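Undergrad: no sequence for this one, just the structure:
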């Protein structure tokens, strides 16, 4: 265990802490040493608090004395926090030169809950500028790379979180997801990422009121993801959209024999890379091996879904970015400028049309989700994009067909449009270039426990992160 202590699951670490067979200080030292070794290659951290984290780990160790009665839910676990989330006294740059000197004066609710649960924030993770890209690079922090293949991106916008988990430089990590920003890095990095139903985890205004927008956990195992989700979920008086009562994901594993699993490879309109398709089929075989009835379905969606998502995202998120850039565009990345410019072209009529399209998605998928226990599809249509890919000017082709460089290579955003559906991304295999691929497991609205049950059974069958082969960056 000593050689790969930095890869120890949080659930197992907590058990060892309670048994006094491992100390939080030992784990924190291992994680920090790993971070110092891999950071020059992957650049997953925007800010670190290593000395403070070691001091906090020593205090956590004392809480496990006397049988661990004083230990809290996540006592002593190293957690990396996405830079987008506020942490009082830390930088609040959103990955932008425009905000390079900004410092947060408050802490986001989800982060505050992690701290109250005893987690230790040892680092902040990189994002693209304003989290408005599916890759992770910025003029402020440079390029973040995929630990499995540093020439490729870890995805975005929670790319630093995904890369850190895959590299072993954090035990848990936070993410946010407005068009797939938790699930894309989970897929590209071979880890687990959960997009909760809108409102399950309190968020900061004003985007807490946008049903596309979600805060959620990333981890290397389904159990760790559930553990973290249980720490951050629950209503909050500052978020009118937060759901009551608090939902807790059960910890005990249960089988899924007899379940009905619906699947679609392309959602009716997406080009899918051959390696992604092959790994998805292998994942579906795992569900068959678990005793599930696996059935292909046709949602009947079309490329109008992509256009509608862009209208919604541009009308709210893009216009917000445009406001921040106003008068200082020269400091921004090309992709942030392009997204801001697109936002300025959107209209109220387009936004209404996007809502109508989202309603149509529900009309099509609703009966499928009612007739089946879960729905499965790929998370991304390609394993990953190049690390320095520019969505504002570079081209994406899948099977020789050009696709939209922002959304055309992912299958995540329709489930932001269906914001009340819980969605877990879990690993499905690896491509020839070493980069992992993933599948999304979707359930009907607010049925979070169902996707965790399916994912846990699948992980036991396939091996999860450890089943992908030797850890990266050996």
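TA: Received, thanks. Note that the structure is a prediction, hence the values are computed from the model and not measured.
Undergrad: Just give me the neighbour total for residue 73.
TA: Neighbours of residue 73 under the rule other CB atoms under 10 Å: 16. Just so you know, the C-beta spots here come from the backbone N, C-alpha and C atoms, and that holds for glycine as well.
Undergrad: buried stuff in stretch 73-89?
TA: 73-87 (16 or more other CB atoms under 10 Å).
Undergrad: Give me the subset of these lying in strands.
TA: 78-82 (DSSP state E).
Undergrad: What residues are bridge-paired with the closest residue to residue 408 other than its chain neighbours?
TA: Leaving out its chain neighbours, the residue that sits closest to residue 408 by CB to CB, 6 or more residues apart in numbering is residue 396, at 6.0 Å. Counting by DSSP bridges, residue 396 is bridged to residue 403.
Undergrad: number of nearby residues for residue 396?
TA: 18.
Undergrad: Same check on the one 3 residues further on?
TA: Each residue near residue 399 was counted by other CB under 10 Å, and the total is 11.
Undergrad: and what of residue 470?
TA: Residue 470, neighbours per other CB under 10 Å, totals 6.
Undergrad: cool, and residue 348?
TA: For residue 348, the count of nearby residues is 8 (other CB under 10 Å).
Undergrad: Kindly report the same for residue 324.
TA: So residue 324, with other CB under 10 Å, has 17 neighbours.
Undergrad: Can you point out the helix or strand that includes it?
TA: Remark: residue 324 resides in helix 319-325, with elements defined by DSSP states H and E.
Undergrad: What average pLDDT does the helix or strand that that helix is followed by get?
TA: The C-terminal neighbour of helix 319-325 among helices and strands, as given by DSSP H and E, is helix 334-345. The pLDDT scores in helix 334-345 average 98.
Undergrad: Stretch 44-58 now?
TA: pLDDT averaged over stretch 44-58 gives 98.
Undergrad: how far out from the middle of the chain is it?
TA: Chain-centre distance of stretch 44-58: 22 Å, with CA atoms, centre = their mean, to the nearest Å.
Undergrad: can you check stretch 242-256 too?
TA: 19 Å.
Undergrad: got it, and stretch 441-461?
TA: That offset, for stretch 441-461, works out to 16 Å (CA atoms, centre = their mean).
Undergrad: same thing with stretch 378-385?
TA: 14 Å.
Undergrad: same question, stretch 404-419
TA: With CA atoms, centre = their mean, you get 14 Å for stretch 404-419.
Undergrad: cool, and stretch 136-154?
TA: 16 Å.
Undergrad: Can you give me the buried ones in that stretch?
TA: Buried residues in stretch 136-154 (16+ other CB under 10 Å): 136-141, 143-150, 152-154.
Undergrad: Pull out the buried positions in the longest helix along the chain.
TA: Counting residues, the longest helix found in the chain (DSSP state H) is helix 348-371. Within helix 348-371, the residues that qualify as buried by neighbour count (16+ other CB under 10 Å) are 350-351, 353-354, 357-358, 360-361, 365, 368-369.
Undergrad: can you check stretch 393-402 too?
TA: 396, 398.
Undergrad: Now it: average pLDDT?
TA: Stretch 393-402 comes out at a mean pLDDT of 98.
Undergrad: Same check on stretch 436-452?
TA: According to the model, stretch 436-452 has a mean pLDDT of 98.
Undergrad: can you tell me the distance between the two ends of it?
TA: End-to-end distance for stretch 436-452, by CA to CA, to the nearest Å: 20 Å.
Undergrad: Also stretch 427-447?
TA: Stretch 427-447: ends 21 Å apart by CA to CA.
Undergrad: Name the residues of it that come out as buried.
TA: 427-431, 434-444, 446-447.
Undergrad: centre of the chain versus that stretch, how much separation?
TA: With CA atoms, centre = their mean, you get 11 Å for stretch 427-447.
Undergrad: got it, and stretch 242-257?
TA: The answer for stretch 242-257 is 19 Å, by CA atoms, centre = their mean.
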